[in-house]
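Participant: below is the sequence, then the predicted model.
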Amino acid sequence: MTTPGAESAGVGPDPTIARIRILIEAGRHDEARVKLESALASDPGDGGLWCLYALCLCRLDRPADALEAAGRAAALEPEEEWPHRLASIALCSLHEYPRAADAARAAVSLEPGLWQTHAQLALALHEVKDVDAMNEAWQSASHAVSLAPDEAETHFVMGVVAQERGAVQVAESAYRRVLALDPAHAAAMNNLGLLQLKRGRLHEAAEGFTSSLRNDPNLGVARANVDAVGWRLMTIGYYIAFGGFWVLRFLVAADSPYDYLLRAGMGVVLLGVWVTVGLRMLGRLPSPARRYLARMPRRSVGFGVMAGGVTLCVLGSLFAAFAPGSVCVLGLLAAGVGIFVSFVTSWIVTVRNWRSRNRTR
Amino acid sequence: MPDAESPLIASLRSAVAAAPDDVPLRVHLAELLLGAGDTSGAVEQAAAALQRDPASRQAREVMTRAVGTAQPAEPEPPAPAQPSPTEPGDQPADDGGAFDWQRMEDEFRGVVPPMYVDEEGNELPASSAYDVEEAGVRLADVGGLQEVKDRLEVSFLAPMRNPELRKLYGKQLRGGLLLYGPPGCGKTFLARAVAGEMGAQFISVSLTDVLEMWIGSSEKNLHELFETARRNTPCVVFLDELDAIGQKRSHTRNSGMRTTVNQLLTELDGVANNNEGVFVLGATNAPWDVDAALRRPGRFDRVVLVLPPDGPAREAIVKYHLRGRPIAGVDAGRIARATDGLSGADLAHLCDTAAEKAMLDAVRSGETRMIEMRDFEAALREVRPSIGPWLDVAKNVAMFANEGGAYNDLLHYLKKRKIV
């Protein structure tokens, strides 16, 4: 999550601070940290420096140290809002959301006219996962938007809160507003893609994720989301293969006098479905996503096995559809093995993902 | 004269152990040892001094005297050195008078084990490449990286070296080249080599310069820098860490950096000024973070990917970093084969780690010893490639941001390494 307006501290145009700011802006947080430590050693009473230090440590993924630095800054400059806001950001990284919300509330009380304080409060509250907190988050996000309607970040926070609340339309319009104000906002593109993924619009979702990666290749989560599109496509393929297999199995078992005709007809239907789905689904994906997904079986063993299972099922079903009656059972057998392998793999992958998600929480 | 066990010699030995690269100290110790009758000790110290500074006249003199002293111990007087007409490399050095270097090496061979060995443990000749410190380096000094050198030659150097062809095709003597790749893979060194190859002056600017000297006056300083380059043509202006100096303006809230980028664009275009003879080289780990305007034609329009060093380059880098260190039985070729994917900086770290292991062993045992292959084997288990995070981002770029094939080289490399 970005930290909207975190840089807007009340520090003067000191050359040391100017250098540190440039380093932070250039993403050279380690170098900035070294300079800050040296500056703080000679002037430990400068609250602005402690704030920059806290910001730097947040970016270096050291939230506990950042929290301590923000605390020092707050003690030195109790009338400033920035230390509280930085403490809130650090606490969010530590998953201590109620405390993060309290710190953000302290920032709001000191600077009620600053959109950043309301935006941070909204971000902290929406993680509390509580109805009252969610309502307060919504109000804070709305207030931030009203304070700075031309600032992309306020709309982005509104989008995040709305998405969490399930207000998909509001979230979508907020993200579109972000992109109108800042066309290169990678996080908004990614989140817009997630909304489309939930709606089942796979090609639009993939477009969002690939655009996001094009604008910010550092956004690893967007690549994971392209993988999610791949899994969704695989699931669709699995259901089609499964359906075709069961219909053919029924036809073979029925032992009708028109057995071959019925099977061949089903085979033609299956072929038609695969061609249509292939053209519609894969053909409309953005070409980078298509190329990326084409290599997915090599990157993910689970995906590769499942793809192999579905392919075996489809080929077996087609064989069962067009082969003479005496050998069509072999095709059904192969298709059955394929669907079974896919089913087991999908369960293993689902359970593994579920466990990994729980561990992360 | 003190004897070989005198306190003076003992204290000098400790001083040499503390400062092994101090050649005069070693020569002094060798002289004292020679005076005390410890010929083999004197040879050992003189040899170590010569290993560090082969041009040291004093070390050679002590060695000559030491070997001369040892001569009576030989069962037969050695045959006088005969220069071979077919092997000029084997001729004795003039400044050594009639000194027989071959015989000295034969004697020395018994004292210190060979520096480099092959797989069977046979001695290999030591060679040096990749000398970063030397001024006026050329592409030939860059170990390996043949593909990059070829690309530099074709896309940049050949047109510059052929003025007639350039005139014929209306090619101006100006331009920009962007070197990009993982950190620690020699982009800066290559830039220096390109300047050396062109016989041009070299002006280097990095983010540190911008931060330390230019704050508040970057426009003026940047203009003066290009003016200096224009006065000293042909001149290469090298902008290191271009992603920081010329970062996307949409990412900069700081007006100071915005004006730096704007001024850089003005200077590169040279609308009011003549940039004939000014070549701008840039180096960056993240070309995707460089402002798009900087990559338009006429600016940094040629891009070369500098990858982690290949096998020969890794061997040369390892040898370079072992230069001046006490090594014995090190198979640099084997180390090179075992370090695929490591950057030049990783290899430097590997050599440091191996040296640390030997030093730690010496501290524990109380006896100094050479850096050996076992130290490298232990270091190899510890040192991991540092370019992983870069590859992760590069993968995203190659797969999703390769518009117009700008990163085809990168994609090709990632495919070759089965990363995508």
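Facilitator: Structure received.
Participant: C-alpha only now, for contacts and for neighbours.
Facilitator: Noted.
Participant: domain map for the chain?
Facilitator: No chain in the question, so chain A it is. Domain assignment of chain A by automatic domain parsing yields the ranges A:1-94, A:230-360.
Participant: I was after chain B.
Facilitator: B:1-71+B:103-110, B:146-304.
Participant: what helix or strand is residue 170 on?
Facilitator: As the question left the chain open, I've gone with chain A. In this assignment (DSSP states H and E), A:V170 forms part of helix A:168-181.
Participant: tell me what that helix is packed against?
Facilitator: Judged by 3 or more Cα pairs under 8 Å, 6 or more residues apart in numbering or on different chains; DSSP states H and E, helix A:168-181 is in contact with helix A:152-165, helix A:186-199.
Participant: return the most buried member of the ones you listed.
Facilitator: When you average the neighbours per residue for each of the helices and strands packed on helix A:168-181 (mean count of other Cα atoms under 10 Å in any protein chain shown), helix A:152-165 leads with a mean of 25.
Participant: with only the CA atoms kept, save that one in CSV.
Facilitator: The C-alpha coordinates for helix A:152-165 follow below in CSV (Å, rounded to 0.1, in the frame of the first residue of the first chain):
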residue,chain,number,x,y,z
ALA,A,152,-5.3,10.6,-7.1
GLU,A,153,-4.4,9.0,-3.7
THR,A,154,-7.6,10.1,-2.0
HIS,A,155,-9.6,8.3,-4.7
PHE,A,156,-7.4,5.3,-4.4
VAL,A,157,-8.0,5.1,-0.7
MET,A,158,-11.8,5.4,-1.4
GLY,A,159,-11.5,2.6,-3.9
VAL,A,160,-9.7,0.4,-1.4
VAL,A,161,-12.2,1.0,1.3
ALA,A,162,-15.2,0.5,-1.1
GLN,A,163,-13.6,-2.7,-2.5
GLU,A,164,-13.3,-4.1,1.1
ARG,A,165,-16.9,-3.1,1.8
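Participant: tell me, how many residues neighbour the residue nearest to B:A49 when sequence neighbours are not counted?
Facilitator: Of all residues not flanking B:A49 in the chain, B:V23 sits nearest, at 5.2 Å (Cα to Cα, 6 or more residues apart in numbering or on different chains). Neighbours of B:V23 under the rule other Cα atoms under 10 Å in any protein chain shown: 22.
Participant: so who does B:V23 touch?
Facilitator: B:A49, B:R52, B:D53 (Cα atoms under 8 Å, 6 or more residues apart in numbering or on different chains).
Participant: next step: those restricted to helices.
Facilitator: Of the positions in the contacts of B:V23, B:A49, B:R52 sit in helices, assigned by DSSP state H.
Participant: where among the domains of chain B is average confidence lowest?
Facilitator: Of all the domains of chain B, mean pLDDT reaches its minimum on domain B:1-71+B:103-110 (a mean of 74).
Participant: my guess is A:V341 meets A:G309, correct?
Facilitator: Yes: assessed by Cα atoms under 8 Å, A:V341 is found in contact with A:G309 at 5.6 Å.
Participant: who has more neighbours, those two?
Facilitator: A:G309 (26 against 19).
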